[in-house]
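What would the 3D arrangement of this be:
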Amino acid sequence: MHVHSFLGGHSSGTFSEIISAAKANELQFVIMTEHLEQDFDTASMTLHGEHAGVLFVNGNELSNENGDRTLELPGRIKPTPAGAAELQGSSQIDVPVTIVAYPEEFKEWQKVGLAGVEVFNVYTNARRIKPVVAFFDVLWSRRSYPELLFALYYERPNESLRLWDQATTRSRSTATAGNDAHSNIGVSLRDSSGKTLVGIQLDPYEVSFRLVRMHVLIEQNKTLNQENLLAAIRSGHCFIGFDFLSDPTGFSFAAESQGERKIQGDEITLDADTRLLIQTPVPSTIRLFKDGNVMLGETGASSRSVPVTERGVYRVEVYLPQLGNLAAEKPWIISNPIYVR
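Predicted coordinates for the structure are as follows:
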């Protein structure tokens, strides 16, 4: 999610480069979020539909007058009964999936229609890097270990997670992560046609796409298309994986009560037998949060069944202490919440 091309400035990345990088990473989808241009519609002109077996969704990154920025993704939802008359018999209406971008700078949290919060952004995280120190790190590791260079500077987004936790106490809200991929950091010498003669690219799409990803949960009887993908993201049926640390495939966070099973993003009714079920692909440090506060932490576990006795908003973070100091306190997985009502 959160990918830019040459459209809308800030990048010279081509569609071919983005498609090739998606294929190299074996991605199933890429969500484009082009900057607006006054004279043409960047969302309609960017990649959308299927290309080389990858689903592309076309969206925009918007900046409001007060400086608030959001990601606007195409989507369709059923109208409320109050608005049904205006649709003159139509069963659906086009409504974008609106994600808060750069939450630390966001102001209008009471705005209606916010579907989620981008709790991690590769660019925001990279702004903490000291250029002089990073220069030597790049020279040493860029060619062989580009992801480990990112690991050196990657930090848990404490403030963004705090703001998102607050948002989930007011209404349901999906956590997303943004690659904010521009492929525009580096030094190069080009001829008059724009062809690169010599240069070094620090953030090619192929590397950016390996760092952090959205893992979306779609029912097996449904196809992966734009409608189902955005519906799952809107519903919070997804989690964030920092895939450069390890493949998070197999992670599961669910709730059971009275024979009913719910997944991330869902609500479940509190009952005497309500339990949260956590499964990780490898032994990990599992931290369970309730309303933004850690209520349980366990190291060396790959599964947990936790009885629930109180209503609240529950979510999970997973860590890999076996990777050593470089990653021990940096999340590998950030789940979306289960709402116990």
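
Distance from stretch 108-124 to the middle of the chain?
Put simply, stretch 108-124 sits 11 Å off its chain's centre (Cα atoms, centre = their mean, to the nearest Å).

Poorly predicted segments of the stretch 51-200 of the chain, please.
Judged by pLDDT under 70, the stretch 51-200 of the chain has its weakly predicted residues at 75-94, 125-151, 183-200.

swap the cut-off to 80 and go again
75-95, 123-153, 182-200 (pLDDT under 80).

in it, which spans are helices?
Assigned by DSSP state H, counting those that start in this stretch, the stretch 51-200 of the chain shows helices spanning 81-84, 122-126, 131-141, 146-153, 158-170.

could you pull out the strands for the stretch 51-200 of the chain?
54-63, 69-73, 76-77, 93-94, 97-101, 114-121, 174-178, 186-190, 196-201 (DSSP state E, counting those that start in this stretch).

so what's residue 217 up against?
232, 237, 238, 239, 263, 264 (Cβ atoms under 8 Å, 6 or more residues apart in numbering). Just so you know, the C-beta spots here come from the backbone N, C-alpha and C atoms, and that holds for glycine as well.

And those residues, which is closest to residue 69?
Nearest to residue 69 out of these is residue 238 (Cβ to Cβ; 21.0 Å).

Name whatever forms a beta bridge with that closest one.
residue 216 (DSSP bridges).

hmm, which two among the contacts of residue 217 are most spread apart?
So, the contacts of residue 217 by Cβ to Cβ: farthest apart are 232 and 239, at 11.1 Å.

follow-up on the earlier one: let me have the contacts of residue 217 in CSV, extended by neighbour count, distance to residue 41 and pLDDT.
Converted to CSV, the contacts of residue 217 look like this (neighbours: other Cβ atoms under 10 Å; distance: Cβ to Cβ, whole Å; pLDDT from 0 to 100):
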residue, neighbour count, distance to residue 41, pLDDT
232, 21, 26, 97
237, 20, 30, 98
238, 26, 28, 98
239, 27, 32, 98
263, 20, 36, 98
264, 25, 34, 98
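
if we take those residues, which one ends up nearest to residue 322?
For the contacts of residue 217, the nearest to residue 322 is residue 239 (20.5 Å; Cβ to Cβ).

can I assume the closest one is in contact with residue 331?
No - with contacts counted by Cβ atoms under 8 Å, residue 239 stays clear of residue 331, the gap being 10.7 Å.

Residue 242 contacts residue 214, doesn't it?
No - taking contacts as Cβ under 8 Å, residue 242 lies outside contact range of residue 214: 11.4 Å.

Same drill for the two, tell me which one is more crowded.
residue 242 (25 against 21; other Cβ atoms under 10 Å).

what separates that one from residue 212, distance-wise?
Taking Cβ to Cβ, to the nearest Å as the measure, residue 242 and residue 212 are separated by 5 Å.

List the contacts of residue 306.
By Cβ under 8 Å, 6+ apart, the contact list for residue 306 reads 275, 276, 277, 278, 288, 296.

ugh, wrong one, residue 121
Residue 121 touches 2, 101, 102, 157, 177, 178, 180, counting by Cβ under 8 Å, 6+ apart.

Most widely separated two among those?
Farthest pair in the contacts of residue 121, by Cβ to Cβ: 2 and 157, 14.1 Å.

Compare these two (neighbour count), which wins?
More crowded of residue 2 and residue 157, by other Cβ under 10 Å: residue 2, with 26 against 22.

isn't the more buried one right up against residue 179?
Yes - look at residue 2 against residue 179 with Cβ under 8 Å: they come within range, at 5.7 Å.

What count of nearby residues applies to residue 305?
10.

The one 10 residues further on now?
By other Cβ under 10 Å, 26 other residues sit near residue 315.

Which ChimeraX command selects the buried ones in the contacts of residue 306?
Only the buried entries of these go into this ChimeraX selection, using 16 or more other Cβ atoms under 10 Å:
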select :276,277,278,288
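
got a list of what residue 304 touches?
So residue 304 contacts 276, 277, 278, 286, 288, 296, 298 (Cβ under 8 Å, 6+ apart).

Can you point out the buried residues in stretch 215-226?
So stretch 215-226, judged by 16+ other Cβ under 10 Å, has buried residues 215, 216, 218, 226.

With pLDDT and distance to residue 120 as new columns, can the residues you listed be given to me in TSV?
As requested, those are arranged in TSV below (pLDDT from 0 to 100; distance: Cβ to Cβ, whole Å):
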residue	pLDDT	distance to residue 120
215	98	14
216	98	16
218	96	22
226	96	23
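
of the residues you listed, closest to residue 316?
Scanning these for proximity to residue 316, where the rule is Cβ to Cβ, the winner is residue 215, at 13.2 Å.

just the contacts of residue 306 now: which is nearest residue 107?
Using Cβ to Cβ, residue 288 is the member of these that lies nearest residue 107, at 30.9 Å.

Starting from residue 325, give me the distance back to that closest one.
Applying Cβ to Cβ to residue 288 and residue 325 gives a distance of 24 Å.

Could you do residue 250 as well?
In terms of Cβ to Cβ, residue 250 sits 26 Å off from residue 325.
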